[in-house]
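Participant: just the structure for this:
(one chain, ligands or ions: 1)
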Amino acid sequence: MLLSKKDTMQIPYLTRRRFLGATVSAFALTIWPVSGASAALAGRPVMLEARPGKANLLETSDAATAIWGYDGRVPGPVLRARQGDEVWVRFTNRLDQPTTIHWHGIRIDNAMDGVAGLTQEAVQPGESFDYRFTVPDAGTYWYHPHNKTWEQMARGLYGVLIVEEKDAPDVDQDIIVVADDWRLGENGAIHEASFGSIGERAHAGRLGNILTINGDPLGAFKVRAGERVRLRLVNSCNARILKLRFEDLEPQVLALDGQPVTPYALKNEIATLGPAQRMDLLIHMTGHPGASQAITEVSQSRLVAARFNYGSQAPLPVTKDTLKLAANGLAVPDMASAKKVDLVMAGGAMGQVDRISHRGKTYSMRELVREHGLVWAFNGVAGMPEKPLFTAKRGETVAVRMVNETRWPHAMHFHGHHFREAHADAPWRDTLLMEAAEERSVYFVADNPGKWMLHCHMLEHQAGGMATWFEVEA
Ligand SMILES: [Cu+2]
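Facilitator: Numbering: from 1, shown residues only. All right, here's what the predicted structure looks like:
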């Protein structure tokens, strides 16, 4: 691949005219109605439609952007279930292209995993599909399509699935923060000409020029001084690695990708989230009544992403004690007996690759790009192979040694399972951010039978070839 770094499109965030600090008008304060958007999930299906809609993504314009959203809005409705409950969603596709729903991070029944072409046929326009599954783990999860994901998610198809603990932790507020970058043209419409760009597939993926929090360019949360807030961060960007900075606050990390961790302080107040990753934080709101504290996004430049706006009420007494979530009880890997698998990531811009195979034929990178639009490979194979990367016996521990031989970071996502690295206190994750030239080994117990995808969650990389699958025997 001969594209150089200077071919990378530099997409600056659009300048955002913003009323800062004390001049924020009450009118501009928007709080996402989490409870109002919640769907009770018991005994009968929740109806959910993928359909076109409108969203005000630009604070400077009255013109709404045409999007695709679950129930026509972005994010889609918050789905809440209790740990161990059954979730039953009757999904209808009102788009003009086939789609599915993938329930990201849920250790789910394979038939409900929503991967078009692997676990189900895509749901055709006008048709419906019942997703019905139990949720074994409490935590912060999300849902999105798994068919042409790079286009469908960029148009706004995503939502949050909260699985509540049996004993809900004692906090004053539970706030969801879904951060997304959008690529909009000058007219405020989604920039369609860049969909499928080979250059972006080969580089960092589709980066946006507008950042929204819960679909809102002016993310703002009302808080009270002294409150304890649980903040659930979700990165729904196609490709951006978010760096969210909590100025003048000292957040503690409670969970990663839905799975609780031993609480620890966020380093430099910055939460780094690769695409699809989640992070639950506990924040003591230590500002004064009337104050405003910014959440900034600093991956590219310093951009105010959202604000905590303190009400005028007298402060609650600040309690500095932390909060530990109960572990979900994932099976512990048996390192000694692990089945060893290598996964070598190659290709992309400035990558050194001679030959890559795709559907049984071998290509030079130049031919592969020209004939199939593919630019990446796992173990020398681009795109979904006919045979799985590996097959595991049910209950077997698998060790996957991932070697990033590319010049780019990748967000490696395993379906149906959480995994962890070998070191003590390594968190359980479903998506691992790997830097260029890094090598990381992850372990998991293959206890969920079925065919599971393993891919980069930078959606242009996935579309450009970084996709494979593994099978767990019944
Ligand atoms: Cu990638």
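Participant: what's the burial count for residue 451?
Facilitator: 18 (other CB atoms under 10 Å). No exception for glycine: its C-beta is placed from N, CA and C like everyone else's.
Participant: any idea which element the spatially most central residue of the chain lies in?
Facilitator: Centroid check for the chain by CA atoms, centre = their mean gives residue 276 as the closest residue, at 1.6 Å. Residue 276 is part of no helix or strand when elements are defined by DSSP states H and E.
Participant: how much space between the nearest residue to it once chain neighbours are set aside and residue 105?
Facilitator: Spatially, and ignoring its direct neighbours in sequence, residue 276 is nearest to residue 457 (4.1 Å; CB to CB, 6 or more residues apart in numbering). Using CB to CB, to the nearest Å, residue 457 is found at 11 Å from residue 105.
Participant: now do the shared contacts for the two.
Facilitator: Residues touching both residue 457 and residue 105 (CB atoms under 8 Å, 6 or more residues apart in numbering): residue 431.
Participant: against residue 240, how distant is the residue nearest to residue 276?
Facilitator: Taking CB to CB, one finds residue 457 at 11 Å from residue 240.
Participant: list the contacts of residue 247.
Facilitator: Residues in contact with residue 247 (CB under 8 Å, 6+ apart) are 269, 293, 294, 295, 296.
Participant: could you redo the last one with a cut-off of 6 Å?
Facilitator: Neighbour list for residue 247: 293, 294 [criterion: CB atoms under 6 Å, 6 or more residues apart in numbering].
Participant: what pLDDT does it get?
Facilitator: You'll see residue 247 listed with a pLDDT of 88.
Participant: cool, and the one 4 residues further on?
Facilitator: Reading off the confidence values, residue 251 has pLDDT 96.
Participant: neighbours of whichever residue of the stretch 251-400 of the chain sits closest to the ion, how many?
Facilitator: Here the stretch 251-400 of the chain gets closest to the ion at one residue, residue 376, 7.1 Å apart by CB to the ion. Neighbourhood size, residue 376 [other CB under 10 Å]: 31.
Participant: so it bridges to which residues?
Facilitator: On the basis of DSSP bridges, residue 376 is bridged to residue 347.
Participant: buried sites along stretch 340-350?
Facilitator: Using 16 or more other CB atoms under 10 Å as the test for burial, stretch 340-350 gives 341, 343, 345, 346, 347, 348, 349, 350.
Participant: how close does residue 239 get to the ion?
Facilitator: Residue 239 is 8 Å from the ion, where distance means CB to the ion, to the nearest Å.
Participant: then residue 47?
Facilitator: Distance of residue 47 to the ion, computed by CB to the ion: 34 Å.
Participant: can you tell me the strand partners of the one helix or strand that residue maps to and which way each runs?
Facilitator: Assigned by DSSP H and E, residue 47 belongs to strand 46-55. Strand pairing for strand 46-55, using DSSP bridges, gives strand 65-70 (antiparallel), strand 86-93 (parallel).
Participant: and the residue nearest to residue 276, what is it in contact with?
Facilitator: If a contact means CB under 6 Å, 6+ apart, then residue 457 has 275, 276, 411, 413, 431 as its contacts.
Participant: do residue 233 as well
Facilitator: Taking CB under 6 Å, 6+ apart, we find residue 233 in contact with 177, 271, 279.
Participant: leaving out sequence neighbours, find the closest residue to the residue in the stretch 101-250 of the chain that the ion sits nearest to.
Facilitator: Here the stretch 101-250 of the chain gets closest to the ion at one residue, residue 205, 7.0 Å apart by CB to the ion. Using CB to CB, 6+ apart and skipping residues adjacent in sequence, the residue nearest residue 205 is residue 239, 2.6 Å away.
Participant: burial of that neighbour, as a residue count?
Facilitator: 27.
Participant: check which helix or strand covers it.
Facilitator: Going by DSSP H and E, residue 239 is not in any helix or strand.
Participant: so residue 195 sits in a strand?
Facilitator: No: read with DSSP: H, G, I helix; E, B strand; the rest coil, residue 195 is coil and lies in no strand.
Participant: so what's it closest to, chain neighbours aside?
Facilitator: Of all residues not flanking residue 195 in the chain, residue 151 sits nearest, at 5.3 Å (CB to CB, 6+ apart).
Participant: so which bits of stretch 347-361 are buried?
Facilitator: Buried residues in stretch 347-361, defined by neighbour count with 16+ other CB under 10 Å: 347, 348, 349, 350, 351, 353, 356, 357, 358.
Participant: tabulate these in a markdown table, adding columns for pLDDT.
Facilitator: A markdown table is the format used below for these (pLDDT from 0 to 100):
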| residue | pLDDT |
| --- | --- |
| 347 | 96 |
| 348 | 95 |
| 349 | 94 |
| 350 | 92 |
| 351 | 90 |
| 353 | 86 |
| 356 | 95 |
| 357 | 96 |
| 358 | 97 |
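Participant: quick check, nearest of those to residue 123?
Facilitator: residue 358 (26.8 Å; CB to CB).
Participant: pretty sure the closest one contacts residue 382?
Facilitator: Yes: with contacts counted by CB atoms under 6 Å, residue 358 reaches residue 382, the gap being 4.6 Å.
Participant: the residue nearest to the centre of the chain and residue 233: what is the separation?
Facilitator: 12 Å.
Participant: what's the answer for residue 267, then?
Facilitator: 15 Å.
Participant: kindly report the same for residue 177.
Facilitator: Relative to residue 233, residue 177 is positioned 5 Å away (CB to CB).
Participant: could you do residue 332 as well?
Facilitator: Distance from residue 332 to residue 233, counting by CB to CB: 27 Å.
Participant: same check, this time on residue 348
Facilitator: The gap separating residue 348 from residue 233 is 27 Å, by CB to CB.
Participant: likewise for residue 464?
Facilitator: 27 Å.
Participant: cool, and residue 216?
Facilitator: According to CB to CB, residue 216 and residue 233 sit 15 Å apart.
Participant: where does the chain have low pLDDT?
Facilitator: Where the chain drops to pLDDT under 70, the residues are 1-42, 61-62.
Participant: change it to 80
Facilitator: 1-43, 60-63, 318-321 (pLDDT under 80).
Participant: buried sites along the biggest helix by length in it?
Facilitator: Counting residues, the longest helix found in the chain (DSSP state H) is helix 365-372. By neighbour count on 16+ other CB under 10 Å, the buried set for helix 365-372 is 365, 368, 369, 372.
Participant: mind listing the strands for the stretch 1-150 of the chain?
Facilitator: Under the criterion DSSP state E, counting those that start in this stretch, strands of the stretch 1-150 of the chain are mapped to 46-55, 65-70, 79-82, 86-93, 102-104, 128-134, 139-144.
Participant: from the contacts of residue 233, which land in strands?
Facilitator: Cross-referencing those against strands under DSSP state E gives 177, 271, 279.
Participant: and residue 80, how many neighbours?
Facilitator: By other CB under 10 Å, the residues close to residue 80 number 19.
Participant: so residue 305 sits in a strand?
Facilitator: Yes: counting by three-state DSSP, residue 305 falls inside a strand.
Participant: I'd guessed residue 375 sits against residue 464; true?
Facilitator: Yes: taking CB under 6 Å as the definition, residue 375 is a contact partner of residue 464 at 4.5 Å.
Participant: list residues touching both of these two?
Facilitator: Shared contacts of residue 375 and residue 464 (CB under 6 Å, 6+ apart): residue 201.
Participant: who touches residue 129 in this structure?
Facilitator: 91, 123.
Participant: for the helix or strand residue 443 falls within, name the packing helices and strands.
Facilitator: Using DSSP H and E, residue 443 falls within strand 439-446. Judged by 3 or more CB pairs under 6 Å, 6 or more residues apart in numbering; DSSP states H and E, the packing partners of strand 439-446 are strand 396-404.
Participant: no further questions, thank you.
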